[in-house]
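**Student:** what shape does this take:
(one chain, ligands or ions: 2)
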Amino acid sequence: MVKKIAIYGKGGIGKSTTVSNMAAAYEKDTFVIGCDPKSDTTRTLVGKRIPTILDTMKKNKEPLFEDVVFEGFNNTLCVEAGGPEPGVGCAGRGVIVAMKLLDKISAFKSNPELVIYDVLGDVVCGGFSVPLREDYADEVYIVTSGEYMSLYAANNIAKGVRKLNGKLGGIICNCRNVKDEVEIVTEFASLISTKVISVIPRSDLVQKSEYNACTVLEMFPDSDQSKLYNELVNKIVNNDSFSIPTPMTIEEFETFFHKYV
Ligand code: ADP
Ligand code: MG
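**Tutor:** Residues are numbered from 1 along each chain as shown. Ligands and ions are numbered 1, 2, ... in the order given. As a prediction, the model looks like this:
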């Protein structure tokens, strides 16, 4: 196994899009683990929603590998942790249950070259911090745009990474076409002692392929967008410079952001 990474970011910022397209772009075997109660990380890889570990375990307390791991596009293996019904129970519990089960069924027995955890980052709870802990992910990448709330969540994630002695590999700027976006995200990255590893533009091809339950890689393999996801995943696999982030205080964060308003 070459690398195990966790992708964190605010809900709706583009984590699952980035994760699924990176997995589809990587030429070697990739294992994708959706850790968001939305459970839609792997939909575009498998072509449909797969049963989640939490749902499967409601009926079957001891599921086997084949009950929870599904094959997706381009040699990917896909898992969804799942979450409770909206309004009921703890959102992070699915992650804890899923991690235990993946250990028990030796999920990585096929020795994938890359393991990617797709994790929600705007809820600070024990469940969502599990992939960050030792033995799960080796390093963390944060997806953000240049928007206030997305950067605010990114700063909180940096706090979590620091607290848990995690290694931050960099920031993926997933553009929302905000004014001065790359400049904002680049300055943010340097302020928290990391770097922007890739800039992914906003593209209609993402929606078109998502509508067809496909990745951009599958539907538009020759597009510039596909090339960028390919570059991103290869940069991450080859990245060997990490940092312990230095998150900002709320006051520092406000001062930083107000320069751009
Ligand atoms: P998250 O997993 O962080 O909650 P998603 O990956 O589901 O976010 O993305 C949220 C929405 O934003 C999706 O409907 C997706 O189509 C859209 N999106 C994400 N990245 C891009 C992009 N680079 N260009 C266009 N649309 C995007
Ligand atoms: Mg998602």
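**Student:** got the contact list for the residue in the stretch 1-150 of the chain that ligand 2 sits nearest to?
**Tutor:** Nearest residue of the stretch 1-150 of the chain to ligand 2, counting by C-beta to the ion: residue 16, 3.1 Å away. Using the backbone N, CA and C atoms, a C-beta is placed for each residue, glycine as well. Residue 16 makes contact with 34, 36, 38, 40, 41, 44, 118, according to C-beta atoms under 8 Å, 6 or more residues apart in numbering.
**Student:** make it 7 Å
**Tutor:** 36, 40, 41, 118 (C-beta atoms under 7 Å, 6 or more residues apart in numbering).
**Student:** return the per-residue confidence for the first one.
**Tutor:** Same thing as residue 36. Looking at residue 36, its pLDDT reads 90.
**Student:** do the same with the second one
**Tutor:** pLDDT recorded at residue 40 is 96.
**Student:** do residue 134 as well
**Tutor:** The model reports residue 134 with a pLDDT of 65.
**Student:** same question for residue 207.
**Tutor:** 97.
**Student:** am I right that residue 32 is in a helix?
**Tutor:** No: if the criterion is DSSP: H, G, I helix; E, B strand; the rest coil, then residue 32 is strand and not within a helix.
**Student:** report the beta-bridge partners for residue 118.
**Tutor:** Beta-bridge pairing of residue 118, defined through DSSP bridges, involves residue 7, residue 34.
**Student:** please shift the residue numbers so they start at 209 in all later answers.
**Tutor:** In the new numbering, first residue 209, that becomes residue 326.
**Student:** now for it: which residues touch it?
**Tutor:** 215, 223, 224, 227, 241, 242, 243, 244, 249.
**Student:** and the third one, what helix or strand is that in?
**Tutor:** Taking DSSP states H and E as the criterion, the element that holds residue 224 is helix 223-233.
**Student:** need the residues of the chain near ligand 1, please.
**Tutor:** 217, 219-225, 382, 408, 410-411, 414-415, 418 (C-beta under 6 Å from any ligand atom).
**Student:** which among these gets closest to residue 460?
**Tutor:** The shortest approach to residue 460 among the residues of the chain next to ligand 1 belongs to residue 217, at 20.4 Å (C-beta to C-beta).
**Student:** these two touch, right, residue 315 and residue 276?
**Tutor:** No: in this structure, residue 315 is not within contact of residue 276 by C-beta atoms under 7 Å, at 8.2 Å.
**Student:** okay, those two: which has more neighbours?
**Tutor:** residue 276 (25 against 20; other C-beta atoms under 10 Å).
**Student:** so that one makes contact with residue 262?
**Tutor:** No: using C-beta under 7 Å, residue 276 makes no contact with residue 262, being 10.0 Å away.
**Student:** so which residue of the stretch 359-469 of the chain comes closest to ligand 2?
**Tutor:** Closest point on the stretch 359-469 of the chain to ligand 2, by C-beta to the ion, is residue 418, at 11.2 Å.
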